[in-house]
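quick check, what structure comes out for this input:
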Amino acid sequence: MQARQALTDIQFLLTEVLQAPARWQALAPFADTDGELAAQVLEEAAKFVDSAVAPLQRTGDEVGCRFDAGQVHTPPGFRDAYQAFWQGGWPALACAPEDGGQGLPAVLECVLFEWLAGANHGWTMAPGLLHGAYECIKHHASDALKAQYLEKVATGEWLATMCLTEAHAGSDLGLVRTRAVPQPDGSARVNGSKIFISGGEHDLTDNIVHLVLARLPDAPAGPKGLSLFLVPKVLQDGTRNAVVCERIEEKMGLHGSPTCVMRFDDATGWLVGEPNKGLAAMFVMMNAARLHVGLQGIGLLEAAWQKASAYAAERRQMRAPGAKDTSLIQDHPVIRRTLHTQRAWIDGGRVLAYHTALQLDIAKHSTDAGERAAAQRWCALVTPVLKAALTDQGFHGASACLQVFGGHGYVSEWGIEQIVRDARVAMIYEGTNEIQAIDLLVRKVLADGGQGLAALLATLPGAAPSPAASARRHALVEITQTLAIAAQTDPELPYWVADDYLRAVALVLLDWAWGEISAVAQGERGSEPPQAPERWSTPAQALAQWVLPEFEMRAAMLRQRIAKALEIKPKMAATA
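Residues are numbered from 1 along each chain as shown. This is a model prediction of the structure:
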């Protein structure tokens, strides 16, 4: 059973709820991109995903990638699908026309990659880093490098990797040992080994552009001594660079995506950006990747929900309360609760992710400085929330959907167990969800005493919040303020509670997203309500009954830990 792309739902969220066409048309680069054109693009995207990519899902899992003396062979059909993908212009949707792109709003690219992940997560890993690599090269590489590599990456003719992690360092990039020695011709010789490199070697494209963190000879220790280098698999003269794939990992999921151990043996590379400022250049790539990983969580949960919903509409089991005969599974309250709860996360998560994509374009192209600053604040604060909360729900929600199948879900026949396995990795890569929580609370929220988050909550657009939603926002601001005070006494406190804090923020934002959906679905914005209002009212009720009550639990946990930290202060003073 193959998932189909929810084109009608997404058009409603984009056009009616977010009023996205009017918002992107207010920006000069997209003034000519009306809603009708966007709808045509998405309709064709849905056709491509359903016909070319989704049918390879099971093959990718069962056959997987094959390693042979440094060469990696992807599953049957993967190369043909990828060639059709880049030749059809799909990787270049949001890239600038002067770079070979189509110059469309970022949100359309986000929808495409959400669909791709839900249809075939393993295959989608290959082009998943393209746009981030494009932005990195465009904004930080020399003119000479851009002339040679930018269009190839923008169009997807050449794929790209992000080479950060080393075996001894894990997520601590300050421990990176890979070295780069400058050469008289302006290049550098790169030596070192990297692990967990998605798509480090494959047969999908004729060249691979590796973006590698390494240290120059005189670099200071720690993360401030890292520089970024572009190291191609194939050099300009057609010879193979000294880049070696030592092996591919045997993984829990994503069998269609080669996760490589890469070795650079005096490989030829070129500096991207300024010396010792590689992380700044790399973060352009990483932040784009984090939004896309959040979208993977949505896409995978949508695919799992579709499978579970279809199965529940066909399978009969026992009698539902009040029924006289054997009932469909979907008639049992526990199944309805499961399906409606996941639906609430999918729809609300889409609004948050698509709104973030719109903010990315506003931050880049708006002529209003205040509007740009507000958009940048949204992206900085919300991106780690989306990455962590949506991938967490993608995995746990897919597991809940597997439960709908009973024992049939645990076997491979129905395909739901593959989604659960594939979804698990998204909680780990591009910065584990724990790192995202620390990034949100320690580096972004507490850095200004919570003022930025308070401003974001106070200026959420759209409908006025309900009394319950308003109370949750005020509670989050109050918790943030007292947390900032307590952290001065107990420096470990933010690290203990970061996960709970991020979850609380996610729930407040999800509540806002559903406020926007419900306002339109109930006709409060002046537009006609949708033809099937229960489509939106049912998950809205699930959100209120089974999702949002978690906020009170997280708030209580945070307050309890903050109170404990504040008790330390008088004791310390008495001792002194």
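
so what's the residue count around the closest residue to residue 249 other than its chain neighbours?
Spatial nearest neighbour of residue 249, chain neighbours left out: residue 259 (4.3 Å); criterion: Cβ to Cβ, 6 or more residues apart in numbering. Glycine gets a C-beta too; all of them are placed from N, C-alpha and C. For residue 259, the count of nearby residues is 21 (other Cβ atoms under 10 Å).

so who does the residue sitting nearest the centre point of the chain touch?
Compute the mean C-alpha point of the chain, and by Cα atoms, centre = their mean the closest residue is residue 293, 2.2 Å away. For residue 293, the contact set (Cβ atoms under 8 Å, 6 or more residues apart in numbering) comprises 387, 391, 426, 429, 430.

just give the nearest non-adjacent residue to the first one, would you?
Okay, so that is residue 387. Using Cβ to Cβ, 6+ apart, the closest residue to residue 387 is residue 290 (4.3 Å).

which element, helix or strand, includes that neighbour?
For residue 290, the host element (DSSP states H and E) is helix 278-312.

report pLDDT for the nearest residue to residue 253 once chain neighbours are set aside.
Once flanking residues are discounted, residue 253 sits nearest to residue 421: 3.4 Å by Cβ to Cβ, 6+ apart. With respect to pLDDT, residue 421 has a value of 98.

equivalent analysis for the one 5 residues further on, please.
Predicted confidence (pLDDT) for residue 426: 96.

my read is that the residue nearest to residue 249 contacts residue 196, right?
Yes: counting by Cβ atoms under 8 Å, residue 196 is a contact partner of residue 259 at 5.9 Å.

picking that back up, got the contacts of residue 293 as JSON lines, with secondary structure columns?
Shown next, in JSON lines, are these (DSSP: H, G, I helix; E, B strand; the rest coil):
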{"residue": "387", "secondary structure": "helix"}
{"residue": "391", "secondary structure": "helix"}
{"residue": "426", "secondary structure": "helix"}
{"residue": "429", "secondary structure": "coil"}
{"residue": "430", "secondary structure": "coil"}
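
now, which of those sits nearest residue 253?
residue 426 (9.8 Å; Cβ to Cβ).

could you pull out the strands for the protein?
Taking DSSP state E, the strands of the chain run over residues 66-68, 71-73, 159-163, 179-182, 188-198, 208-214, 227-232, 243-248, 259-272.

nearest to residue 487, out of those?
Between these, strand 208-214 lies closest to residue 487; by Cβ to Cβ that is 30.4 Å.

that closest one: partners in the sheet, and parallel or antiparallel?
strand 159-163 (parallel), strand 227-232 (antiparallel) (DSSP bridges).

now the angle from it to helix 278-312?
Strand 208-214 and helix 278-312 are oriented at 130 degrees to each other (axes from the mean of the first three to the mean of the last three Cα atoms, to 10 degrees).

burial measure for the closest residue to residue 469 other than its chain neighbours, as a count.
Nearest residue to residue 469 in three dimensions, chain neighbours excluded: residue 511, at 5.0 Å (Cβ to Cβ, 6+ apart). Other residues lying near residue 511 total 22 when counted by other Cβ under 10 Å.

doesn't residue 549 make contact with residue 511?
No: if you go by Cβ under 8 Å, residue 511 and residue 549 don't touch, sitting 11.4 Å apart.

how about residue 233, what does it touch?
Per Cβ under 8 Å, 6+ apart, neighbours of residue 233: 201, 207, 208, 209, 210, 240, 241, 243.
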